[in-house]
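Novice: Next come a sequence and a model predicted from it.
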Amino acid sequence: MKLEIIRKIIGGILLVSLISVLFFQPFQQYLDIPKTITVFEGQDYNFQKAVPVSASLVSHNSNITLEQDQDQVALIAREKGKEEMLLEFAGIPVKKVDVNVLKDFRVQPGGQSIGVKLNTVGVLVVGHHLVNTEDGKKSPGELAGIKIGDIITEINGNKIEKMTDVAPFVQDAGQGGKALDMIISRESGKFTTKLTPLKEKGENSYKLGLYIRDSAAGIGTMTFFHPQSKKYGALGHVISDMDTKKPIVVEDGQIVRSTVTSIEKGSNGDPGEKLARFSSDREIVGNIQKNSPFGIFGVLNKELKNGIMDMPLPIALSHQVKEGKAKILTVVNDDKVEEFEIEIVSTIPQKFPATKGMVIKVTDPRLLEKTGGIVQGMSGSPIIQDGKLIGAVTHVFVNDPTSGYGVHIEWMLNEAGINIYEKTQEKAS
């Protein structure tokens, strides 16, 4: 009996000790050291050590060196390559860390206000229309099983690219009393259907009973431009159709310069908006090849200058972004790019692409006075911290227009088809 009690007491002590260790600051700092460290050439990586741990490099690669004292370890990356770092306690290895040094990479920050013109794949169905026939009101499109958000891609074996492609088929089928063979694209896949156009009462025209659209337009902000490839990224979020609220499937598109004419200031529950117009010359400065959750992407015809930071900047990976002061570049008047102060309230080091990586807050008195914080049209504004491009503004909090979300630049570059993870050299033997 006494032995059983002693066992329980010892078990309790061990359990309390184990729990205490988990909350012990040195142990927490040890857990915070990642299994993989990725940095760019010329950058350092520092971490604190609250216990007498020593660090060493396995291959003694001269391009990657260590400096350490009682309080911290500094990993210094001179050139791209790979290494392994061992952490030892009392001569016993306790952790291995893979070190990847990427080739120096820079992009030019944006901030310019841009006009966006998107052309859809096929024509987008944005509503149903009741045709007033001799037999009552009907929607042929709805009867054919076509839903809002569907895309008409083919009629009678012919590819449909714009709305003007549709009308001749509708009139011919109506006059001939025939059904149209249509291929419809939906989120779940493609399907075929037959649609018989109906004649509007009192008119000679035949109708599909559908409202359709083949393009969309709006404004946003340029995030970055890669001088070597001419690729760019903007907006930081997907463009959705105003009626269906679904992402627009892009056939192609163009971006042009735009000018901010006025600002509708945001307030709690009512996000503000940049009011802008396309520049008078409507010069096309680039194409649009992709519309994704991370923004719009394509290739520029010419290099764009923002007049404030016209030299390429290094970037920060998601784990390198830190809470604290930062800046955004954006336009609030005419076409002048300006710099404004913000704060990174929180940031999430992400291993996989995600659209919400940071929570940001506008702190600049000038911007708060002018816009009330983050407004529509500001999406894509580049975020700069410690001289590095770290991400872009994406969304505003409806109930607090001073705050919103940001996306890490790492994922926008990935969507643009720019590979920053160039294959690194194996560590020296």
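Specialist: Yep, it's here.
Novice: Relative to Gly372, how far out is Lys274?
Specialist: 12 Å (Cβ to Cβ, to the nearest Å). To be clear about C-beta, it is placed using only N, CA and C from the backbone, and glycine gets the same treatment.
Novice: can you check Val53 too?
Specialist: Val53 is 49 Å from Gly372, by Cβ to Cβ.
Novice: Can you report how many residues neighbour Lys265?
Specialist: Neighbourhood size, Lys265 [other Cβ atoms under 10 Å]: 16.
Novice: Nearest residue to it in space, please, no chain neighbours.
Specialist: Leaving aside its sequence neighbours, Lys265 sits nearest to Gly372 (Cβ to Cβ, 6 or more residues apart in numbering; 4.4 Å).
Novice: Settle this for me: the one you found is touching Thr402, isn't it.
Specialist: Yes. With contact defined as Cβ atoms under 8 Å, Gly372 counts as touching Thr402 (7.3 Å).
Novice: secondary structure element for Thr402?
Specialist: strand 400-408 (DSSP states H and E).
Novice: Going by neighbour count, which residues in that strand are buried?
Specialist: For strand 400-408, a neighbour-count test (16 or more other Cβ atoms under 10 Å) marks Pro401, Thr402, Ser403, Gly404, Tyr405, Gly406, Val407, His408 as buried.
Novice: per the record, what domains does the chain have?
Specialist: Per automatic domain parsing, the domain ranges recorded for the chain read 2-105, 107-115+216-415, 130-208.
Novice: So which bits of stretch 181-198 are buried?
Specialist: Those would be Asp181, Met182, Ile183, Ile184, Ser185, Thr193, Leu195, Pro197, Leu198, for stretch 181-198 by 16+ other Cβ under 10 Å.
Novice: the strands in the stretch 301-429 of the chain, which residues?
Specialist: 313-314, 324-331, 337-347, 358-362, 382-385, 388-397, 400-408 (DSSP state E, counting those that start in this stretch).
Novice: Mind putting those into TSV with distance to Ser280?
Specialist: Listed next are the strands of the stretch 301-429 of the chain as TSV, based on distance: least, Cβ to Cβ, whole Å:
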stretch	distance to Ser280
strand 313-314	31
strand 324-331	16
strand 337-347	19
strand 358-362	31
strand 382-385	26
strand 388-397	27
strand 400-408	31
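Novice: Which one of the ones you listed lies nearest to Ser262?
Specialist: strand 324-331 (12.1 Å; Cβ to Cβ).
Novice: for the strand holding Thr402, what is the average pLDDT?
Specialist: In this model, strand 400-408 has a mean pLDDT of 96.
Novice: May I have the strands that pair with that strand, each with its orientation?
Specialist: strand 358-362 (antiparallel), strand 388-397 (antiparallel) (DSSP bridges).
Novice: Next, count neighbours for Ala216.
Specialist: When neighbours are defined as other Cβ under 10 Å, Ala216 has 19 of them.
Novice: May I have the secondary structure class of it?
Specialist: At Ala216 the chain is in strand, as set by DSSP: H, G, I helix; E, B strand; the rest coil.
Novice: Roughly how far does the closest residue to it other than its chain neighbours sit from Asp214?
Specialist: Nearest residue to Ala216 in three dimensions, chain neighbours excluded: Leu118, at 4.7 Å (Cβ to Cβ, 6+ apart). With the distance defined as Cβ to Cβ, Leu118 ends up 10 Å from Asp214.
Novice: for His408, what are its contacts?
Specialist: Leu317, Ser318, Val321, Gln350, Gly357, Met358, Ile390, Gly391 (Cβ atoms under 8 Å, 6 or more residues apart in numbering).
Novice: If we use 7 Å, what do you get?
Specialist: Counting by Cβ atoms under 7 Å, 6 or more residues apart in numbering, His408 touches Ser318, Val321, Gln350, Gly357, Ile390, Gly391.
Novice: picking that back up, looking at the strands paired with strand 400-408, which is nearest to Leu66?
Specialist: Nearest of the strands paired with strand 400-408 (Cβ to Cβ): strand 388-397, 23.1 Å.
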